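Undergrad: This is a predicted model, with the sequence first.
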Amino acid sequence: MQTNSRAHVGEEGSWCAVSESESHGQVVRGCIVGTDYLSEIVTHSGVISEIRRVPGETSSSDCWISPGFIDIQVNGWRGKNFNRESVMPEDVLEVVRMLWEYGVTTFLPTVTTESRESLSKSMAALRQAAEESAEVDHACPLIHLEGPYISPQDGPRGAHTLEHVRPPTIEEFGFLQECAGGRIGLVTLAPEQEGAIPFMEELAGKGIVMAIGHSDASPEDIAAAVNAGAKLSTHLGNGSHAKIDRHRNYMWEQLARDELSASLITDGHHLPPAVVKCMVRCKGVERSLLITDAVGLAGLPAGLYSDWDKPVEVTQDGAARLHGTPYLAGAIEPLTRNVQRAVQFAGISLADAINMVTINPARLMGMADRIGSVEVGKDADLVLFDWDNEKYELTVTQTMSQGQWVFPNGDSQ
């Protein structure tokens, strides 16, 4: 027996359909991003088992199917903060479920500059969450450690606490990795910090992705970091001085290094449209990633939050600023907004922007064998969404994780 439910009807009549059968699992019909025809995707036991083109059918592109979105930098969401000592495993699960609403099926919980004790507690909570929940284990395969090995300077340090900035040591990282159960897979640091280059070499040799960020690095420092195995520039254009030398500076140097991909916050607040366009054209679509860098205030109503680490104002236009200052205190927009703005600002195609939140981060993190594209044998993590090309609006209608529909039928509300 087979039952069908229409997921979406487009203005011109094209639609995505979802069906279930005991023998064949889920069948999803729609237009896969990057194609102009209808396909049927068959999933079974949590993986994609078959993809077939629907004969004689074309799509007016009212409803798209994409791989599940990937965000390699999430500090928290809707009141949950991975950087608080009080973070609990159930908080991580809540964030996993809340992000399904925006099509995010994989993300890297991000822990930032804090004391050794605080970092260890965050890592332990993240580890426990993954060990106790299959949902968290699947959605959060790795952890991003952003700091504390960053520049102490105002500007490059960003909103990180000066008190806890310090040079890297293998001993401390080993301790944190043990607390995390070996799940730290991405480390952002300043290569000019004392001992940073040999530190990067050792971690890169173990398969950990090394990133440059929150840095006042010289051209020589950046060259040394690349030689040591650096692969990424974290939120390029942010975590930097307000004013820099127009020619000899760390942004030009990183843009010029083809060995470095760049993650960008394209929410409309962190980078002006012209900067986004130039960075994407310089790096190329294949080396550009979109991230939220979402803090725990993301998803909360506008207002003043004085009980946070520092008083922060969430504005009506989707920004979080340190109260009484023009300075941003992280990001609060969902990944869908970053996709929208990337298309609008950089003048790229929807397919290119989707690659920046799917296959590009999957390749960077060494996970492209199971996620990041709609292919037979890969995890059945899928997103169905509408795209309004005139308004640059992306609306997620359904999200699938491991072959199961989790939004809107899951716990993401």
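TA: The structure has been received and is ready for your questions.
Undergrad: Any regions of the stretch 201-350 of the chain where pLDDT drops low?
TA: Along the stretch 201-350 of the chain, the parts satisfying pLDDT under 70 run over 307.
Undergrad: And the strands in it, which stretches?
TA: 209-212, 230-233, 261-264, 288-290, 303-305, 312-314, 320-322 (DSSP state E, counting those that start in this stretch).
Undergrad: Most tightly packed of these?
TA: Highest mean neighbour count among the strands of the stretch 201-350 of the chain (mean count of other C-beta atoms under 10 Å): strand 288-290, with a mean of 28. All C-beta spots, glycine's among them, are computed from the backbone N, C-alpha and C.
Undergrad: For that strand, enumerate the helices and strands it packs against.
TA: strand 261-264, helix 335-346, helix 359-364 (3 or more C-beta pairs under 8 Å, 6 or more residues apart in numbering; DSSP states H and E).
Undergrad: Please identify the most buried of the ones you listed.
TA: It is strand 261-264: most buried of those by mean count of other C-beta under 10 Å, with a mean of 26.
Undergrad: Just the residues contacting that one, thanks.
TA: 72-73, 211, 231-237, 254-255, 271, 276, 279-280, 283, 287-291, 338, 342, 360, 364 (C-beta atoms under 8 Å, 6 or more residues apart in numbering).
Undergrad: returning to that earlier point: mind putting the strands of the stretch 201-350 of the chain into CSV with distance to Cys63?
TA: Output for those, formatted as CSV (distance: least, C-beta to C-beta, whole Å):
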stretch, distance to Cys63
strand 209-212, 34
strand 230-233, 33
strand 261-264, 27
strand 288-290, 22
strand 303-305, 35
strand 312-314, 32
strand 320-322, 32
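Undergrad: Tell me which of the ones you listed sits nearest to Ile184.
TA: strand 209-212 (9.9 Å; C-beta to C-beta).
Undergrad: and that closest one, what other elements does it pack with?
TA: Strand 209-212 packs on strand 184-189, helix 196-205, helix 219-227, strand 230-233, going by 3+ C-beta pairs under 8 Å, 6+ apart.
Undergrad: Can I get it as PDB, trimmed to CA atoms?
TA: The C-alpha coordinates for strand 209-212 follow below in PDB (Å, rounded to 0.1, in the frame of the first residue of the first chain):
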ATOM      1  CA  VAL A 209      41.100  21.400   9.600                       C
ATOM      2  CA  MET A 210      43.100  24.500  10.500                       C
ATOM      3  CA  ALA A 211      41.700  28.000   9.900                       C
ATOM      4  CA  ILE A 212      43.000  31.500  10.100                       C
END
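Undergrad: Tell me which of the helices and strands packed on strand 288-290 lies nearest to Arg246.
TA: Judging these by C-beta to C-beta, what sits closest to Arg246 is strand 261-264, at 19.7 Å.
Undergrad: one step back: take the helices and strands packed on strand 209-212 and write them to a markdown table, including distance to Pro89.
TA: Listed next are these as a markdown table, based on distance: least, C-beta to C-beta, whole Å:
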| stretch | distance to Pro89 |
| --- | --- |
| strand 184-189 | 17 |
| helix 196-205 | 26 |
| helix 219-227 | 34 |
| strand 230-233 | 28 |
